[in-house]
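A.B. asks: Quick one: sequence and predicted model below, then my questions.
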Amino acid sequence: MRCPQSLYCDWYKFRAMKAGEQIALVFPGQGSQRKGMAQDFYDSEQCARSAFEEASEACGLDLAAICFEHDERLALTEFAQPAILTAEIAMARALGERHGLSARYFGGHSLGEYTALVAADALPLGVAARLVRARGRLMQNAVEPGRGRMLAVLSRDLNLEGVLGCLDGLNVVVANDNSPDQVVLSGLANDTRVAEARIAEQLGAKPFKAIELHVSAPFHSPLMAGIEDEFEALLYDAGGIDSAAARTVTSNFTGRLHSGNRDELIAALRGQLSGRVRWRENMSVLTAACPRIVEVGPAATLKGFFKGAGTHISAVTSVESAAKTLE
């Protein structure tokens, strides 16, 4: 028999979740996609099906087919981005319907920031689906295939300044500052190999891993700067943006919450294309604001980053995991 104190804690957490005042929702980005993502939510909740229908109509794709069938487009940035965003929103809406899950603050990693903006009612789903399809197309075509490369570097207690020092004179940047134990490099392919060798030399005997990411271009690097003007124009033309609602969403570009100013929101989304994803700062903002954080997405990509930063979070990747996590 469980002790009364344990039962009280469970009740308190459930009440906080229902009130939506103590929870932050976070959403992973590209790389988290998988065949069948959100299909169990789609099959069981009308609101999830409606989300797929709304986004599919808006961006001119059958997103359910891309997500649920064996579709090679799921590996292509232009199609993966609207598919991931839609799957995550379908999941979040179904969790709201079935479990009463709501949140006070939101965050998302790279593409996931757009999911967070939709979840916070700062962007309509249809508008976001069109934007991220265009974003994916522009990013995919910004650099010739094979010219760029992204590399995850993992080691205990990485020194960011030390890593940055290894990049001097190279067309390589820290694209993602993910956690105390992981950064991602992005830039010209040969330069990333030089950077990898320099980091290995700097770390000496300290264990580390370097993992090449299978992406179509060097995202979040200056090599993306050429697409910023075109994407900014699309952002200004997009209707339905509620910049005030974005004040509950963390910005990858600044590391802080969005200010609520429309021009600053658009500038941050523009800058995110070629700028560093300051995810470690995003995590600090969210954990300071909320005692409970729930990741919603096709894979629990962000859970490890929070763990590396010393924070435990819950992750929902399926109907089954939602039942275990939220009930």
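C.D. replies: It's in. Here the structure is a predicted model, which means the values were calculated and not measured.
A.B. asks: those helices in the stretch 151-300 of the chain, which residues are they?
C.D. replies: For the stretch 151-300 of the chain, helices defined by DSSP state H, counting those that start in this stretch occupy the ranges 160-165, 189-203, 228-237, 262-274, 279-289.
A.B. asks: Quick check: which of those helices is nearest to P124?
C.D. replies: Smallest distance to P124 across the helices of the stretch 151-300 of the chain (CB to CB): 13.4 Å, for helix 228-237. Where C-beta positions appear, they are placed from N, C-alpha and C, glycine not excepted.
A.B. asks: What are the contacting residues of the closest one?
C.D. replies: Applying CB atoms under 8 Å, 6 or more residues apart in numbering, the external contacts of helix 228-237 come out as L131, A134, R135, L138, I241, I266, L269, R270, G271, L273, S274.
A.B. asks: Pull the contacting residues for the second one.
C.D. replies: Contact partners of A134, counting by CB under 8 Å, 6+ apart, are F231, L234.
A.B. asks: How about the first one?
C.D. replies: Counting by CB under 8 Å, 6+ apart, L131 makes contact with Y114, L123, L234, L235, A238.
A.B. asks: 6 Å instead?
C.D. replies: For L131, the contacting residues are A238, by CB atoms under 6 Å, 6 or more residues apart in numbering.
A.B. asks: Also the last one?
C.D. replies: Listed by CB under 6 Å, 6+ apart, the contact set of S274 reads P222, M224, A225.
A.B. asks: Filter the residues you listed down to the buried ones.
C.D. replies: Neighbour-count burial (16 or more other CB atoms under 10 Å) applied to the contacts of S274 gives M224.
A.B. asks: Give me the pLDDT value at M150.
C.D. replies: Per-residue confidence (pLDDT) for M150: 97.
A.B. asks: Look up which helix or strand it falls in, please.
C.D. replies: Secondary structure here is read from DSSP states H and E; on that basis M150 sits in strand 148-154.
A.B. asks: on contacts alone, who are the packing partners of the helix ranked longest in the chain?
C.D. replies: Counting residues, the longest helix found in the chain (DSSP state H) is helix 77-99. Helices and strands touching helix 77-99, by 3 or more CB pairs under 6 Å, 6 or more residues apart in numbering; DSSP states H and E, are helix 39-44, helix 46-59, helix 63-68, helix 112-119, helix 125-141, strand 292-296.
A.B. asks: and the spatially closest residue to T254 that is not a sequence neighbour, what does it touch?
C.D. replies: Sequence neighbours aside, A268 is the residue nearest to T254 in space, at 5.9 Å (criterion: CB to CB, 6 or more residues apart in numbering). Residues touching A268, when contacts are defined by CB under 6 Å, 6+ apart, comprise S251, F253, T254.
A.B. asks: pLDDT below threshold where in the protein?
C.D. replies: The model of the chain has pLDDT under 70 over residues 1-21.
A.B. asks: Would you map out the domains in it?
C.D. replies: Residue ranges for each domain of the chain read 4-142+222-326, 148-212, as given by automatic domain parsing.
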